[in-house]
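Novice: below are the sequence and a predicted model; questions follow.
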Amino acid sequence: MTNWSPTVFTRVMLALAIVLSAFPLYWMLVIASRTNADAVAVPPPFLPGGNLGDNIIAVLNNEDAKFLLGLTNSFIVAATVTVSVVIISTLAGFSFANLTFKGRNVLLVLVLLTMAVPLQQMGVVPLYRLMVSLEWTGTLKAVILPYLLNGFGVFLMTQYTRQAVPMELVEAARVDGAATLRIWWNVVLPAVRPGMAVLGINTFMLMWNDFMWPLIVLTPDNPTVQIAITSLNARFSTNYTLIFAGTALSIIPLVAVFIAFGRQIVGGLMEGAVKA
Amino acid sequence: MSLDTPWDGSRSHRRRARPARRRWRSRFDVKAMPYFLVSPYFLLFAAFGLFPLAFTLYYSLYDYDLAGTTEWTGLGNYTALLGDEDFWRAVVNTVAMFFIATVPQMLFALFLANALNKRFKFRLAIRMSVLLPLVTSVVAVAVVFTQLFARDWGLVNWILSWFGVDAVNWRAERVPSWLAIATMVDWRWTGYNAIIFLAGMQTIPRDLYEAAAIDGASRRRQFWQITLPMLRPTLIFVVLNSTIGGLTLFSEPTTFYGGNVDGGSQGQFQTVAMFIVKQGFREFDYGYAAAAAWLLFLLILIGAAINFLFVRRIGGTK
């Protein structure tokens, strides 16, 4: 039997990985809780100071940065996209996994193909022109709509439904007289809930982090949180404490999601990878 | 299956009352409903996927001026791009940063996954903590690293000074800026890739290792001759993923220059994605930007093909 217990090398490796993973986040807190003179001192301070609250209030009260609006906008965008993507993907996933219809395999291959195209970079010019002609630039609609298209979600939910919902279950429900949509609601959704959680967390993180498209299609007076950080960064390029307090604020929802669902994130990534 | 809700009750009642209609409805439900369920995705794809792709191709064949008038140039934008020093610099920057970031990242992620695969206390907590970088915002991370890589008071230069290294101007010089940006990318994605590798490792049958151990293979040998070859499908997945992500790099280098897509005073770390945004949305040269987008796609296809062939060879000798 192979010895699976860790060697010294393994322990050092893991310790290093944890320290390196956590350090920049710790550093963010150190600078965010200091004064600007501390932030540019050599040698730098390594312990948090007492100014975190003041700095955060200063960021939130700053009229130019629109940070609170950025946080709210990001939340609206991420939540809307997450809910719609989960609904669209579970519907399509159920159809691909449990129903038979002509052209099913062709359509599924099409979904896979669309996943390989970097649409965000490829389609940016016409999408922008489209938003201009709809007069949607500067509004959250312009950010939300292109992201409702999520091939990865359809693929993930197809795989997940296939494994979580046996055909016999669907057949039995049909014999009982349930219509397709009702089977989706009463049989499929309860069974694929863990898959929905993984897709939901994933989508939320992706949308919260989105940067390039909002930078193009939004204006600084109606920003998402990432754009708000960027304008903080540009306007107060020497005021590190303010910028770091803002960046610390911007990751709170993600850290909260991670603390609540960390186990599912790890599990979901591992399951998804094995099936890919 | 319990479906005894009032709604269901009324349905069975209706079945008795109007059998013909019921039959028609159930035929419709079985035949057409699947298409309705998959249609939202395909409608969205038509509007926000197919339409932009087709129009990117269309725009790339035209010259746009600021007033919005268009003029057919055929492949003019493409030939101009191939002769454009700025474009080539962006291509070199992108490929170089991708390479500098990916090679150490894959190695470190592999070793890390191997370490995470051992038995130890707090295993879930440790696996979660290597994922911490993934759940923090890209822009926030880039802001922090930009400060760490500052010339005069950055932590990295301070540590380098212990070893007698002069302060590096990370943002102003080309290769150092690549290294700094590659570090941001690696910090974010190494743990994620390690978790994916770990998933692949757990599908490798234990008895392969037992047999190898009986034959006297050292653990290092087991890693190179069993783990790595058996991991090839996962490797292909991870490398292709990293290729697309690396060649479309945007957030980190843009944040590294205060949210500006120029990529430094000399464009020393401007990526192709930044070049596209600059041409399209700063210079308003839509046709040129669209052509650059298609060349980026070509670059990704070439990169993916090379990496695919490369990974297929790994461990294929045994």
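Specialist: Thanks, I have it. Only a predicted model underlies this, so the values are computations on that prediction, with no experimental measurement involved.

Novice: shaky segments in the stretch 51-200 of chain A?
Specialist: For the stretch 51-200 of chain A, no stretch is flagged by pLDDT under 70.

Novice: please enumerate the helices of it.
Specialist: Secondary structure of the stretch 51-200 of chain A by DSSP state H, counting those that start in this stretch: the helices cover A:52-61, A:67-98, A:104-115, A:119-122, A:124-133, A:140-144, A:151-164, A:167-175, A:180-183, A:189-191, A:193-209.

Novice: need the ones you listed in TSV with distance to chain B and mean neighbour count, can you?
Specialist: The way it works is simple: take the backbone N, C-alpha and C, and place the C-beta from them, glycine included. Converted to TSV, the helices of the stretch 51-200 of chain A look like this (distance: least, CB to the nearest CB, whole Å; neighbours: other CB atoms under 10 Å in any protein chain shown):
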stretch	distance to chain B	mean neighbour count
helix A:52-61	13	16
helix A:67-98	4	22
helix A:104-115	6	15
helix A:119-122	5	21
helix A:124-133	4	20
helix A:140-144	11	19
helix A:151-164	5	23
helix A:167-175	5	15
helix A:180-183	4	21
helix A:189-191	12	15
helix A:193-209	5	20
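
Novice: of all those, which one is nearest residue B:109?
Specialist: The closest approach between residue B:109 and any of these, judged by CB to CB, belongs to helix A:193-209 at 19.2 Å.

Novice: and the closest one, C-alpha only, in PDB?
Specialist: Once non-C-alpha atoms are left out, helix A:193-209 reads as follows in PDB (Å, rounded to 0.1, in the frame of the first residue of the first chain):
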ATOM      1  CA  ARG A 193     -30.300  21.600  -6.500                       C
ATOM      2  CA  PRO A 194     -26.600  21.000  -5.800                       C
ATOM      3  CA  GLY A 195     -25.800  21.500  -9.500                       C
ATOM      4  CA  MET A 196     -27.900  24.700  -9.500                       C
ATOM      5  CA  ALA A 197     -25.900  25.900  -6.400                       C
ATOM      6  CA  VAL A 198     -22.600  25.400  -8.200                       C
ATOM      7  CA  LEU A 199     -23.800  27.100 -11.400                       C
ATOM      8  CA  GLY A 200     -25.300  29.900  -9.300                       C
ATOM      9  CA  ILE A 201     -22.200  30.600  -7.300                       C
ATOM     10  CA  ASN A 202     -20.100  30.500 -10.400                       C
ATOM     11  CA  THR A 203     -22.300  32.900 -12.300                       C
ATOM     12  CA  PHE A 204     -22.500  35.300  -9.400                       C
ATOM     13  CA  MET A 205     -18.700  35.400  -9.100                       C
ATOM     14  CA  LEU A 206     -18.200  35.900 -12.800                       C
ATOM     15  CA  MET A 207     -20.700  38.700 -13.000                       C
ATOM     16  CA  TRP A 208     -19.400  40.400  -9.800                       C
ATOM     17  CA  ASN A 209     -15.900  40.300 -11.400                       C
END
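
Novice: buried sites along the longest helix anywhere in chain B?
Specialist: Once chain B is assigned using DSSP state H, the helix that runs over the most residues is helix B:85-116. Of all the residues in helix B:85-116, those buried under the rule 16 or more other CB atoms under 10 Å in any protein chain shown are B:87, B:89-91, B:93-98, B:100-102, B:105-106, B:108-116.

Novice: related to what we said a few turns ago, could you redo the helices of the stretch 51-200 of chain A as a markdown table and give each row distance to residue B:133?
Specialist: Shown next, in a markdown table, are the helices of the stretch 51-200 of chain A (distance: least, CB to CB, whole Å):
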| stretch | distance to residue B:133 |
| --- | --- |
| helix A:52-61 | 22 |
| helix A:67-98 | 19 |
| helix A:104-115 | 24 |
| helix A:119-122 | 21 |
| helix A:124-133 | 27 |
| helix A:140-144 | 25 |
| helix A:151-164 | 21 |
| helix A:167-175 | 40 |
| helix A:180-183 | 41 |
| helix A:189-191 | 33 |
| helix A:193-209 | 12 |
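
Novice: so where's the stretch 201-318 of chain B shaky on pLDDT?
Specialist: Low-confidence regions of the stretch 201-318 of chain B, defined by pLDDT under 70, span residues B:315-318.

Novice: what strand or helix carries the residue of chain B found nearest chain A?
Specialist: Ranked by CB to the nearest CB, the top residue of chain B for proximity to chain A is residue B:52, at 2.7 Å. Residue B:52 belongs to helix B:51-60 when elements are defined using DSSP states H and E.

Novice: gap between the next helix-or-strand element following that helix and the chain center?
Specialist: Going down the chain from helix B:51-60, the next helix or strand is strand B:62-64, by DSSP H and E. Averaging C-alpha positions (CA atoms, centre = their mean, to the nearest Å) puts strand B:62-64 31 Å from its chain's average.

Novice: same question for stretch B:247-262.
Specialist: Between the mean C-alpha location of stretch B:247-262 and the chain-wide mean there is a distance of 15 Å, by CA atoms, centre = their mean.

Novice: so it, near chain A or not?
Specialist: Yes: between stretch B:247-262 and chain A, judged by CB under 8 Å from any CB of the partner chain, the touching residues are B:248, B:250, B:251, B:254, B:255, B:258, B:259, B:260.
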